[in-house]
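> Fold the following and give me the result.
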Amino acid sequence: QVQLVESGGGLVQAGGSLRLSCAASIDDFSNYAMGWFRQAPGKEREFVAAITWSGGSTSYANSLKGRFTISRDNAKRTGYLQMNSLKAEDTAVYYCAARRGTTVLIRPPDYWGQGTQVTVSS
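Have a look, this model is predicted:
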């Protein structure tokens, strides 16, 4: 059974940083693009970032470029989201996702994680 398990969320002050991790129990993880989405209270889930199976190509939501960085370690079957200069509006549940394929296309995902809460205090 495929599982994506996020970790690293928590409470941080505005201007601070967090790194989220996504551990995948996918045997052929290196054949999957992976990405991150987030959902704030009362809002729809939105795309954050995605990365190809090799890590050679990435995609970001325009509003997050320069502050968030996605990466992956296929040997560890783990993906990461480094979030810097956090703002109160970044407060949301962050979800990891995976989609089989060779491009950075992540929507719709084949698999979702359960989510991790990120709260940024102003």
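
> can you pull the contacts of Ala14?
Leu86, Lys87, Ala88, Val120, Ser121, Ser122 (Cβ atoms under 8 Å, 6 or more residues apart in numbering). All C-beta atoms are positioned from the backbone trio N, CA, C, and that covers glycine.

> Run through the bridge partners of the spatially most central residue of the chain.
Central residue of the chain (Cα atoms, centre = their mean): Trp36, 2.6 Å from the mean position. Beta-bridge partners recorded for Trp36 (DSSP bridges): Ala49, Cys96.

> Let me know whether it touches Leu20 as I believe.
Yes. Between Trp36 and Leu20 there is a contact under Cβ atoms under 8 Å: 7.1 Å.

> Give the full set of residues in contact with Phe29.
Phe29 sits next to Asn74, Arg77, Ala98 when contact means Cβ under 8 Å, 6+ apart.

> so where is this structure shaky, pLDDT-wise?
Applying pLDDT under 70 to the chain flags no residue at all.

> Might you report the residue contacts of Gly79?
Neighbouring residues of Gly79 by Cβ under 8 Å, 6+ apart: Ser21, Cys22, Ala24, Met34, Trp36, Ile51, Ile70, Ser71, Arg72, Asp73, Cys96.

> if we can go back for a sec, I'd like to know how far the residue nearest to the centre of the chain sits from Ser122.
Note on Trp36: its distance to Ser122, by Cβ to Cβ, to the nearest Å, is 22 Å.
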